[in-house]
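In: Predicted model, plus sequence, below.
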Amino acid sequence: MLIAGNWKMFKGPAEAAAFSRELRQVALPDDVDVVVCPPYVSLEPTVQALADTDIGVFAQNCHWEREGAFTGEVSAPMLREVGVYGTLVAHSERRDWCGETDETAAARVRTALAEGLHVIVCVGETLAEREAGQTDAVLRRQVGVLEHDDNLVIAYEPVWAIGTGRTATPEIAQQAHETIKSLLDLPVLYGGSVKPDNARELLAQPAVDGALVGGASLDVESFAAICRAGSLT
Ligand code: 13P
């Protein structure tokens, strides 16, 4: 079971360090792997504040080249240098706003893994795609560019459930996760309006191996409650 908190564009260095110091005081279950994903500038203070804990620190993105003329980008070796353990790749907000494609996503995943980072790669259909009956085809396309790797995890985040309070039902999540696992046998996290009060039901689904949490990961108590909900499920 893996619970990852994606802070998106929240928590600068001071706030990230304060959150991390608070989180390390909280009793988290031993059978749950816990990860936080701060913005780039907050990675190093978070790594330092969580040193000597089992909580992993992931970036939210990582370039597919190791270095070069890519203004505004950050590479896998740079992330490794500041002690980052892994990275998210191809979050739907990056597919939506930053021109991420299946091909650039696959390139980022390949380089990050080759450089020794763990990777959570995000997939998921939009509302229009679901309503048009294209969910399976979209997942096939997005997962089809990926290859199996022991350090790779997939996050199923239906775009219509992100930040909307509209969570996928446990049945919808289970079905999509089964589809993804039939394409690539990897752990699959669910993401999209996961909260303390719906986490247990979602995480109890057999094909749900954890959660990628946005809004509810910004508060120590609600994030810890979701981590506890992942225990013994
Ligand atoms: P919310 O939990 O805020 O819906 O965000 C989900 C998400 O995008 C995590 O990556």
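Out: Alright, I've got the coordinates. Predicted model, so just to flag it, every value in this text is computed and none were measured.

In: What is the neighbour count of the closest residue to the ligand within the chain?
Out: In the chain, the residue that lies nearest the ligand is residue 214 (2.2 Å; C-beta to the nearest ligand atom). C-betas here are computed from N, CA, C, even on glycine. Residue 214: 21 surrounding residues under other C-beta atoms under 10 Å.

In: Let me see the contact set for it.
Out: Going by C-beta atoms under 8 Å, 6 or more residues apart in numbering, residue 214 touches 6, 8, 162, 163, 191, 193, 194.

In: and if you look at residue 87?
Out: If a contact means C-beta under 8 Å, 6+ apart, then residue 87 has 58-62, 76, 79, 108, 112, 117-120 as its contacts.

In: Can you name the next helix or strand after the helix or strand where it lies?
Out: Element membership for residue 87 (DSSP states H and E) is strand 86-89. Counting by DSSP H and E, the next helix or strand C-terminal to strand 86-89 is helix 92-97.

In: What mean pLDDT does that next one get?
Out: Looking at helix 92-97 alone, the average pLDDT works out to 96.

In: Then stretch 113-126?
Out: 98.

In: and what of stretch 220-233?
Out: Stretch 220-233 carries an average pLDDT of 94.

In: Okay, buried residues for it please.
Out: Using 16 or more other C-beta atoms under 10 Å as the test for burial, stretch 220-233 gives 220, 222, 223, 224, 225, 226, 227, 228, 229, 230, 233.

In: go on, stretch 37-54?
Out: Within stretch 37-54, the residues that count as buried by 16+ other C-beta under 10 Å are 37, 38, 39, 40, 42, 43, 44, 45, 46, 47, 49, 50.

In: Is there proximity between that stretch and the ligand?
Out: No: with C-beta under 6 Å from any ligand atom as the criterion, the ligand is not reached by stretch 37-54; the gap is at least 7.9 Å.

In: The strand holding residue 87 and the ligand, are they touching?
Out: No: judged by C-beta under 6 Å from any ligand atom, strand 86-89 and the ligand are separated, with a smallest distance of 7.2 Å.

In: Adjacent strands (with direction) for that strand?
Out: strand 56-59 (parallel), strand 118-123 (parallel) (DSSP bridges).

In: Tell me which of those strands lies nearest to residue 21.
Out: Comparison of the strands paired with strand 86-89 against residue 21 by C-beta to C-beta identifies strand 56-59 as nearest, at 13.8 Å.

In: how about the strands paired with strand 86-89 in TSV, adding mean neighbour count?
Out: Shown next, in TSV, are the strands paired with strand 86-89 (neighbours: other C-beta atoms under 10 Å):
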stretch	mean neighbour count
strand 56-59	24
strand 118-123	24
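
In: okay, those strands in JSON lines with distance to residue 21 next?
Out: JSON lines is the format used below for these (distance: least, C-beta to C-beta, whole Å):
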{"stretch": "strand 56-59", "distance to residue 21": "14"}
{"stretch": "strand 118-123", "distance to residue 21": "24"}
